[in-house]
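>>> I would like to see how this sequence folds:
(chains A and B)
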Number of protein chains: 2
Amino acid sequence: MAKWIWHPGSFELYHSMLLHNRRTRTRRYKKDTPSDRQGQTRSLYYPPMWRVDGPSHNACLEKTAEIFEPEVVELFSNTKCASIIVDGMYYNVGTKIKLNEGKHTVRVEGFKAESFPAFYVTGNVFASSRDYKVVSHDEKNGVSAGESELYTKQSDNVEVFKFSYKRVEPTNVTKLNGGVLYDFGREQFAKIKVKSKIVDSVTLYLGESYEEATDTDFTHIVLNAELKNGCYESSASAFRYIFVPCQKEIELSARLEYLPIKNRGSFRCDDPLINKLWDVCAYTMLLNSREGFFDGIKRDRWIWSGDAYQSYIVNYYLGFDKDIVKRTIRALRGADPIKKHINTITDYTFFWLISIWDYYFYTGDKDFLEDIYVDIKAVLTFIEGRLSSDGMFERKPDDWVFMDWSTFDSDGPICAEQMVLAKAYESVSKIAELLGDNDLSDRTRKQSEYIVKQVNKLYWSKEKGAFVDSYRSGKENVTRHANILAILFGYTSKIREKSIIKNVIYNDKITPITTPYFEFYELDSMCKIGDTEYMTDMLNSYWGKMLSLGATTIWEEFDPTKNGIEHYEMYGGKYEKSLCHAWGASPIYLLGKYALGVRPTKAGYEEYEVRPQKMAFGSFEGRVPTPKGEIYVKFSDTGCEVLSPLDNGTLIIKGKEYKIPRNQRLKIKF
Amino acid sequence: MAKWIWHPGSFELYHSMLLHNRRTRTRRYKKDTPSDRQGQTRSLYYPPMWRVDGPSHNACLEKTAEIFEPEVVELFSNTKCASIIVDGMYYNVGTKIKLNEGKHTVRVEGFKAESFPAFYVTGNVFASSRDYKVVSHDEKNGVSAGESELYTKQSDNVEVFKFSYKRVEPTNVTKLNGGVLYDFGREQFAKIKVKSKIVDSVTLYLGESYEEATDTDFTHIVLNAELKNGCYESSASAFRYIFVPCQKEIELSARLEYLPIKNRGSFRCDDPLINKLWDVCAYTMLLNSREGFFDGIKRDRWIWSGDAYQSYIVNYYLGFDKDIVKRTIRALRGADPIKKHINTITDYTFFWLISIWDYYFYTGDKDFLEDIYVDIKAVLTFIEGRLSSDGMFERKPDDWVFMDWSTFDSDGPICAEQMVLAKAYESVSKIAELLGDNDLSDRTRKQSEYIVKQVNKLYWSKEKGAFVDSYRSGKENVTRHANILAILFGYTSKIREKSIIKNVIYNDKITPITTPYFEFYELDSMCKIGDTEYMTDMLNSYWGKMLSLGATTIWEEFDPTKNGIEHYEMYGGKYEKSLCHAWGASPIYLLGKYALGVRPTKAGYEEYEVRPQKMAFGSFEGRVPTPKGEIYVKFSDTGCEVLSPLDNGTLIIKGKEYKIPRNQRLKIKF
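Model (predicted):
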């Protein structure tokens, strides 16, 4: 019954701190030349450029309740510095304390310098859970204790992240260039084990591509494996290929390190390419689903708010794992005081706020909103301390205005930032309303509306028939981003939407999106207005082309006009590009939401609709996860079927609406 | 040449975190009865009631300089996650990097989860020191790296506090009650070692008094010594007596754990009691001078700002150790965000600010003001967020208005708090002025003046001829505290001062001060107005009485009207009172400043005066430490002598002024 509990955020901040300090640098300097690498171990410590927060090393948590049967409580902890205080009386760890019927207060208190204190109280009513609340003199007072579904056994160690492991085998082993190349068939994030009776050390060149593994002067991850007692095991690393530059007898094996999140969502259609793409996206998600949602598994292995935002949404159509979303949101939030934007990026802070309402809307988990509300308010205060006098977005020193890997006219605040800021305000407004904070809700809703109004007034170019990046510069530069967001967020008129579609989306002269990241929003917005063909075309021409080049996971960036190993180059490094980047997994979301057509219309799927659409790839079927089970949808030219474990669903098809009966197959023939 | 460096405050916060989590509780519950203690190990973890901050686990420090000769730099660190970046090029720990003549930038960057990252760079110009500045995007940007005089060797371990050890022997060993009592002659803070070939475990009852050690149901510190390989050693603990309740053969010894701060100040006079008192005070200081200045060594072993404030001042007349003052100030400050007053106590936050100006005034160390200025401003912002609308003190929820262990009319804000707040503003104003922050200096000076004016208007009772605690209640309750502070800080008129002396200080109907803490301020204020006899009377009647009862260190509180073990009772515990409490050491300061008469008149003793006074205890001589050596003063009925290593000194005696020549004995005959 009990779970491990801790000061809210401590578990997430601790593991986030560790993971954000695991990156190593392979290049000493900016340029990527073999001579620059001479004598390098290639494991140079390389931290993030933002402040990484650690956990609180002290904690005090308390629960008061009336019990109607006696019970015995006992405290377990990961630290010797821990006490349990029952009705004001102090006891040590490992003391069995009997509570008689009646009202009691149980408090646990502890300290751990090396990590963070965690508590496990056995008992009945007083078994440890989020019913224990923080006792402190600041805003965290009364907030629920942190807990995780992963740590429910007394023997669990909260300081070790609970991954699963599975042995993976090379699909191909080839002698090459005086060495041996192991091909594992697809991208892995695995611990590599080397056993040998004759070799003391061996160098492993890991490549996401064949070229990277064998181009040993430039390989990104190089492991100098020192064998102890004939054995070596690495920490989990990203690779598909491993090149060993010697042919002496060694035994090489690997264990995939992963979180066993079940793919509750599914999708199958008549087009094998789309089916394969769905699987590759799901596998990309698996590899990046860890302490939090990673950006990619090779290089940074950090948590980036904008990237993670997309992973959350894909997750709602795939694993529907609430814990990983909450962990990621907390890791990104860090601790107080807030001095910089999340990941230093303005839009990434805004997406952080947007993600919380989304999380609630898909899961219905109001507890989390309550737990994180003080953190939300502090983020809002931080943002508002940096706006212009009338509350519009402005770039401040040290702010990174990212939005996408693309070139904007950034002479003045760019339009797309204003849109995301307005959406963030809108999200806060809805959260505040739900939690009964009407003053904040009203204020933020008005501010959102004001920004939207101003954006439409200042940034719209009649001449271009589109939103321009900057209204200050006079250059009237048009990029896709703001125009996509205007449609996606519903922040402009139908007339302007049409103008955007013609003058921007279907205009080849406007620089195309090159990252799967913003492609997500482009396709989402086009699907939203009913143009699913734009989406399926892009799945074929963009994602499909990646697969045809041998991608086993989705790449960080893709320019179909490039050739050969040009595809692997990024940030000035020959193989610096991540070939397994979570932000490419959006097809899972797009197919679930717009082909299967499933989406909640009231938080937590209390009400929902199923609006399957005829797609270019023919008939299809699949499942979408919800808090109470999966909704099954099948669609073909001859009819459609829905089977759902939920109440209050509506099937909308060919202009008609049907109530979806719970647990009964609904069949519509065309 | 190099020193260990770290992110400013990390070292202090790390060791402060450890020390503040070392307290153990001996009583399960409020009442102190033997039955309550049955089955207790008496080592119940007992943390502070305020937030204890840990260090920053990441750090990034940088120095840019031009060198005119080549040099080789090499990084050492306490963590594997560390890099040295020379002119943008990354290197690992342990790489020797040659810098040619010219301008270079050297950056060190690191992470340590278990404690904090520290760096030691060998080299010449680029040897690690406070010349390395923080690289960050917040207020700490550009602040100097932390360093300490204690950690200057590459082999030093910054995670272990550098204490010294000295074997101490019992002066008396007696068989008693079936056991053995060891008397160490005076209070110790020592590691206790037990060796035995025949005993596996033994219980040690530690007492500051004979009664405590032998009253085993109530002894505060009880160590259950488990011998491994025939040996046990405790962590450092407070005791004078150790009772072992068995007479089997064991070998018991102890090692005093201390900081070897030299007593540069000294004092001797014709009265042996005063001489003994000075020695006892100095020894009390020695035992409490550790990672920071402790309150007392038996119970809390915490750092309390108001207590520490007095230790700083005593230190300026005893060890003149700058490092311990700076460490204590940083430990008290904690990290951002500030959510509560320091130690939760309003006046303790105000004293924290006052202490920083004092530190500068005695030491002339402007570097520290620069280093801590961002922290000062954040404290000021915190305070000002909690004042009344016109900037006067007000008690807010969760604020502890301490001032002293005494009863105030706290119906409304008490007068003494206003005085300390005004003094805090005054100190900030002087610091800001020195650092060229004229706006803040002006504003805070005006606010200080405003508060003083309002206090004189609102709190002065014509009827009582004194300041009253509260102007709101109408009770016109007079305590000594505000009246003492009015004199000490010079916050009222000479006429009112006279009225206070008659109606409060020399008025037996006004409750006397019972803590050495506030006795400090009472005597300081009386000496300030020239009444040194009030001070010497008190040294005899109050401190002298303690010594006559056998005190070997100064007690936390003393009520001469009590008897026997009543003296040891406090906070509801039979032996809870600390018998070695730093706040009792003020005689060292009072004798140095008012008998020897030495004080700086310009920061850092750039200018100073010596104003020896005829004292009730006859002739005297002694030394007062300064940044540049000790000033020697001798005084008797027939004349006086001064020998000083400093320029710009003035001897003021019997209404005449004499310039004190540097390093030449100045003799005045009466």
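>>> alpha carbons only for contacts and neighbour counts from here, please
Fine.
>>> Okay, strands next: where are they in the stretch 101-250 of chain A?
Along the stretch 101-250 of chain A, counting by DSSP state E, counting those that start in this stretch, strands occupy A:102-111, A:119-122, A:133-134, A:164-168, A:172-176, A:179-195, A:201-207, A:221-226, A:231-233, A:237-244.
>>> could you list every residue that touches the one residue in chain A that gets nearest to chain B?
Closest contact between chain A and chain B, by C-alpha to the nearest C-alpha, is at A:Glu114 (4.0 Å). By C-alpha atoms under 8 Å, 6 or more residues apart in numbering or on different chains, the residues touching A:Glu114 are A:His57, B:Ala113, B:Glu114, B:Ser115.
>>> run the last query once more with 7 Å
Going by C-alpha atoms under 7 Å, 6 or more residues apart in numbering or on different chains, A:Glu114 touches B:Ala113, B:Glu114, B:Ser115.
>>> so A:Thr64 sits in a strand?
Yes. Read with DSSP: H, G, I helix; E, B strand; the rest coil, A:Thr64 is one of the residues of a strand.
>>> So it sits against A:Gly102, correct?
No. Using C-alpha atoms under 7 Å, A:Thr64 is not in contact with A:Gly102, being 10.6 Å away.
>>> Can you pick out the residue with more neighbours from the two?
Neighbours were counted for A:Thr64 and for A:Gly102 using other C-alpha atoms under 10 Å in any protein chain shown; A:Thr64 has more, 17 against 11.
>>> Just give the closest residue to the more buried one, not the sequence neighbours.
A:Thr105 (4.2 Å; C-alpha to C-alpha, 6 or more residues apart in numbering or on different chains).
>>> Model confidence score at that neighbour, please.
Turning to A:Thr105, the model gives it a pLDDT of 98.
>>> Over to A:Arg27?
66.
>>> In stretch A:179-186, which residues are buried?
The neighbour-count check on stretch A:179-186 (16 or more other C-alpha atoms under 10 Å in any protein chain shown) flags A:Val180, A:Leu181, A:Tyr182, A:Asp183, A:Phe184, A:Arg186 as buried.
>>> can these go into a markdown table with extra columns for pLDDT and distance to B:Arg623?
Formatted as a markdown table, the buried residues of stretch A:179-186 follow (pLDDT from 0 to 100; distance: C-alpha to C-alpha, whole Å):
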| residue | pLDDT | distance to B:Arg623 |
| --- | --- | --- |
| A:Val180 | 97 | 79 |
| A:Leu181 | 98 | 79 |
| A:Tyr182 | 98 | 78 |
| A:Asp183 | 98 | 80 |
| A:Phe184 | 98 | 79 |
| A:Arg186 | 98 | 79 |
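>>> ok, and of those, which contact chain B?
For chain B, no contacts are drawn from the buried residues of stretch A:179-186 by C-alpha under 7 Å from any C-alpha of the partner chain.
>>> contacting residues around the strand or helix carrying A:Lys423?
Per DSSP states H and E: A:Lys423 is located in helix A:415-434. By C-alpha under 7 Å, 6+ apart, the residues outside helix A:415-434 that reach it are A:347, A:350-351, A:353-354, A:357, A:392-393, A:438, A:440-442, A:444-445, A:447-448, A:451-452, A:459, A:468-470, A:481-482, A:485-486.
>>> picking that back up, verify the contact between the residue nearest to A:Thr64 and A:Asp87 for me.
Yes. Counting by C-alpha under 7 Å, A:Thr105 touches A:Asp87, with 5.1 Å between them.
>>> which ones are touching A:Ile84?
Taking C-alpha under 7 Å, 6+ apart, we find A:Ile84 in contact with A:Leu75, A:Tyr90, A:Tyr91, A:Asn92, A:Arg107, A:Val108, A:Glu109.
>>> and the nearest residue to it once chain neighbours are set aside, how many neighbours does it have?
In space, and not counting its chain neighbours, A:Ile84 is closest to A:Val108: 4.5 Å by C-alpha to C-alpha, 6+ apart. Applying other C-alpha under 10 Å, we find 29 other residues in the vicinity of A:Val108.
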